[in-house]
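[1] I'll drop the sequence and a predicted model, then ask my questions.
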Amino acid sequence: SYIYHDDDSSQYDLGPKSLQCGKRVDSLKLWLAWKYYGDEGYVARINHLFELAQYATSVIEEHPRLELMCPTQTLNVNFRFAPSSGEDADAINHKIRQSLVESGKSMVNYCHLSNGLSIRLILLNPDLERSDIDRFFDNYLTEAVMIEQKLGYKV
């Protein structure tokens with residue numbers, strides 16, 4: 001359920017078009033990158049991604065309207081926007097995610113956890129910086145406030 005969503009725009013969903021659900025066989029690319037960066041360089045890139053995941057987690061934990069859905073243990077950060085007064089958090093977060101994807105501002109996925117719909121921020125690009133994480137959360141929160149206002153919720 002975290003891979004295929006009936007409401008996704010088909011132009012972005014590579015899952016139905018490949019045996020690997022959108023993931024290519026990347027062993028050659030991995031090997032070439034490892035050869036290019038070397039052991040220390042590859043370790044540095046991986047460590048950078050874990051630092052970004054922890055940074056994203058700290059942004060969520062420090063923001064009064066964001067909720068960490070489960071502890072961050074990998075490069076997958078699960079969170080959601082907390083509506084202001086008990087509105088349906090799953091529905092609002094789904095709308096925020098759809099709006100961001102359709103606008104092209106941010107590409108992010110979601111899944112359903114036992115405690116509700118979770119936005120899945122997956123950090124796999126070692127060229128990302130903290131400013132990219134900040135821009136993502138700015139986009140997410142701006143969209144969240146706009147959706148609450150459109151729906152007539154108290155912001």
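    Everything's here; your move.

[2] residues of the longest helix seen in the chain that come out buried?
    Ordering each helix of the chain by length in residues (DSSP state H) puts helix 27-62 first. Going by neighbour count (16 or more other C-beta atoms under 10 Å), the buried part of helix 27-62 is Tyr42, Leu49, Leu52, Ala53, Tyr55, Ala56, Thr57, Val59, Ile60. C-beta: built from backbone N, CA, C; applies to glycine.

[3] which among these gets closest to Glu129?
    Of all those, Leu52 has the smallest distance to Glu129: 8.0 Å, by C-beta to C-beta.

[4] With Arg45 as the reference, measure out to that closest one.
    11 Å (C-beta to C-beta, to the nearest Å).

[5] And Glu143, by the same measure?
    For Glu143, the distance to Arg45 - C-beta to C-beta - is 30 Å.

[6] now swap in Asn139 and tell me
    With distances taken as C-beta to C-beta, Asn139 is found 25 Å from Arg45.

[7] Asn125 now?
    Here the distance between Asn125 and Arg45 works out to 10 Å (C-beta to C-beta).

[8] okay if I get the buried residues of helix 27-62 as TSV plus pLDDT and distance to Trp34?
    Below are these laid out as TSV (pLDDT from 0 to 100; distance: C-beta to C-beta, whole Å):
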residue	pLDDT	distance to Trp34
Tyr42	93	5
Leu49	97	15
Leu52	98	20
Ala53	98	21
Tyr55	98	25
Ala56	98	25
Thr57	98	27
Val59	98	30
Ile60	98	32
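
[9] which one of those is nearest Asn109?
    Closest to Asn109, out of all of the buried residues of helix 27-62 and judged by C-beta to C-beta, is Ala56, at 14.6 Å.

[10] Give the closest residue to the closest one in space, chain neighbours not counted.
    Val77 (4.7 Å; C-beta to C-beta, 6 or more residues apart in numbering).

[11] List the contacts of that neighbour.
    Val77 is in contact with Ala53, Ala56, Thr57, Ile60, Leu68, Arg120, Leu121, Ile122, Leu123, counting by C-beta atoms under 8 Å, 6 or more residues apart in numbering.

[12] Cool, thanks, talk later.
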